[in-house]
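> here is a sequence together with a model predicted from it:
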Amino acid sequence: MSESSGAPHSLLACGLPVPPPPLPAPDSLARARLLVAPSLDSCLVRELERIAGRGAEPLADVPPPSDAPLLCVGDALPDALRADRLLWFHSITAGSDRLLSGGLWPGQALLTRTVGRMGERMAQYVLGWMLAEAQSVPEFAEQHARAHWERLPSELVAGQTALIYGTGRIGAAVGRLLTACGVRTVGVARTTRYGPEPGTERAVPPGFDRVIGAAEDTGALGEARWVISTLPLTAATEGFFGADRFAAVRGATFLNVGRGATVDMGALETALRDGRVRRAVLDVLPTEPAAPEDPVWQLPRTVITSHSSGITTDEDIAVDFAACWADVTAGRRPGLTVDTGRGY
Ligand SMILES: NC(=O)c1ccc[n+]([C@@H]2O[C@H](COP(=O)([O-])OP(=O)(O)OC[C@H]3O[C@@H](n4cnc5c(N)ncnc54)[C@H](OP(=O)(O)O)[C@@H]3O)[C@@H](O)[C@H]2O)c1
């Protein structure tokens with residue numbers, strides 16, 4: 001299954017601090033009923049049942065009778081389950097925008113997510129499209145179609161600069177792969193999650209040559225050959241790539257694997273038409289799926305890849321649910337916990 005978007009934006013998490021929910025208490029967890037999305041494969045459901053040590057019931061619009069707490073695994077939470085009984089929701093996707101924008105998140109409920117090996121897949125996707133461009137693959141395909149012979153030079157990505165928005169699980173995986181190819185990587189993050197307070201020297205996470213804040217990216221946009229977004233969709237990132245940011249770009253290719261609504265598509269079109277953005281590779285769009293008549297298909301020098309760069313596998317879900325389960329039952333907060341106030 002693939003990550004989906006299309007959140008009603010006004011309801012996106014607004015970034016206000018929300019106290020983290022308590023970890024599910026052992027007695028509540030022991031009594032909890034396991035509800036799983038009906039779309040999950042039966043082998044995966046058996047594995048989730050094995051991990052949680054109980055049988056699963058379908059995650060439906062109507063909660064099961066009884067007042068037992070609920071432990072849910074899925075990608076959507078029906079309104080009727082946004083209630084006090086919800087103990088823990090494990091999302092089968094990495095992005096939380098759809099879950100959080102669907103209604104008020106019940107403050108007592110833990111929200112964890114699945115990332116699995118998505119970072120590796122998405123890093124491979126990003127590198128694949130970068131190398132395709134560097135090797136003139138679109139031009140050679142076009143030449144082949146008209147039986148035309150013409151030698152074309154290639155570009156070396158080693159030594160070029162990639163500006164990577166988001167230094168989390170996905171952004172860091174992209175950074176690590178590009179670094180291995182000799183690309184200079186500059187990360188852009190919201191906070192100095194990996195280091196000291198703003199204004200002091202930042203510690204740099206693996207995969208990045210340096211990390212800057214979102215407010216200090218103008219110069220870096222002008223120097224980058226590749227601008228790559230892995231940003232989540234929150235109130236702060238909606239329309240994040242707008243006219244101002246694209247105005248600072250000087251011939252970079254823009255690749256978006258985060259969320260479509262982080263981009264102002266009108267501003268991107270203008271930047272593509274005036275050449276400031278060389279090409280665009282868009283795995284995600286503000287409206288998905290794009291209808292055949294959607295003008296997005298007409299954008300110049302653009303490839304659209306139907307939200308496929310990081311498709312979640314059943315193994316990703318089982319492995320991450322097991323890791324979260326091990327943490328919760330040992331009294332630790334899982335590393336894959338979503339901060340529901342921040343929105344990612
Ligand atoms: N295309 C696909 O198929 C696909 C698949 C999987 C995931 N995704 C998308 O990828 C997103 C990222 O996943 P992840 O696992 O890497 O998330 P993550 O580990 O939570 O990392 C999110 C990163 O974004 C940064 N960020 C958040 N708000 C920002 C802002 N306003 N300005 C600058 N940076 C900001 C965070 O900064 P801090 O470090 O300062 O907190 C963090 O580095 C998901 O939310 C999902 O939307 C897409």
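Great, that's in hand.

> can you pull the contacts of Ala52?
Counting by Cβ atoms under 8 Å, 6 or more residues apart in numbering, Ala52 touches 34, 71, 325. Just so you know, the C-beta spots here come from the backbone N, C-alpha and C atoms, and that holds for glycine as well.

> distance check, the closest residue in space to the first one that isn't next to it in sequence against the ligand.
Distances taken as Cβ to Cβ, 6 or more residues apart in numbering place Ala56 nearest to Leu34, at 4.7 Å, with adjacent residues excluded. Relative to the ligand, Ala56 is positioned 24 Å away (criterion: Cβ to the nearest ligand atom, to the nearest Å).

> could you pull up phi and psi at Ala56?
phi -100, psi 150 (degrees, to the nearest 10).

> neighbours around it, how many?
A count of nearby residues for Ala56, using other Cβ atoms under 10 Å, gives 20.

> helices along the stretch 1-150 of the chain, start to end?
26-31, 42-52, 97-101, 118-134, 137-145 (DSSP state H, counting those that start in this stretch).

> the helices in the stretch 151-300 of the chain, which residues?
169-180, 218-223, 243-247, 265-273.

> distance-wise, check Pro286 relative to Asp97.
The gap separating Pro286 from Asp97 is 12 Å, by Cβ to Cβ, to the nearest Å.

> show me which of those two is the more surrounded one.
Asp97 (29 against 22).

> right, and the more buried one touches Leu231 too?
No - here Asp97 lies out of contact with Leu231, judged by Cβ atoms under 8 Å, at a distance of 10.6 Å.

> anything in contact with each of those two?
Arg259.

> before we move on, the earlier item: does the residue nearest to Leu34 touch Leu48 like I think?
Yes - Ala56 is within contact range of Leu48, at 6.2 Å (criterion: Cβ under 8 Å).

> how about low-confidence regions in the stretch 101-250 of the chain?
By pLDDT under 70, the weakly predicted segments of the stretch 101-250 of the chain are 192-203.

> who in it is up against the ligand?
Residues of the stretch 101-250 of the chain found near the ligand (Cβ under 6 Å from any ligand atom) are 115, 118, 165-171, 188-191, 193, 214, 230-234, 236-237.

> return every residue with contacts to both of Ala56 and Leu48.
Joint contacts of Ala56 and Leu48 (Cβ under 8 Å, 6+ apart) are 34, 36.

> picking up where we left off before, figure out which of the helices of the stretch 1-150 of the chain is closest to Leu77.
helix 97-101 (5.9 Å; Cβ to Cβ).

> of all residues in the stretch 151-300 of the chain, which one is closest to the ligand?
For the stretch 151-300 of the chain and the ligand, the shortest gap (Cβ to the nearest ligand atom) falls at Gly168, measuring 1.8 Å.

> cool, the stretch 1-150 of the chain as well?
Across the stretch 1-150 of the chain, the shortest distance to the ligand (Cβ to the nearest ligand atom) belongs to Gly95, at 3.0 Å.

> how many neighbours does that residue have?
Around Gly95 there are 26 residues (other Cβ under 10 Å).

> that one contacts Pro232, doesn't it?
Yes - contact status for Gly95 versus Pro232: in contact at 5.8 Å, counting by Cβ under 8 Å.

> who touches both of the two?
Residues touching both Gly95 and Pro232 by Cβ under 8 Å, 6+ apart: 259, 344.

> what distance do you get for Val281 to Ala173?
17 Å.

> got it, and Phe246?
25 Å.

> over to Gly331?
29 Å.

> neighbour-wise, which of these two wins?
Ala173 (23 against 9).

> which ones are touching the more buried one?
Here Ala173 is in contact with 119-120, 122-123, 207 (criterion: Cβ under 8 Å, 6+ apart).

> returning to that earlier point: and the pLDDT for the residue nearest to Leu34?
Here, the pLDDT recorded for Ala56 equals 98.
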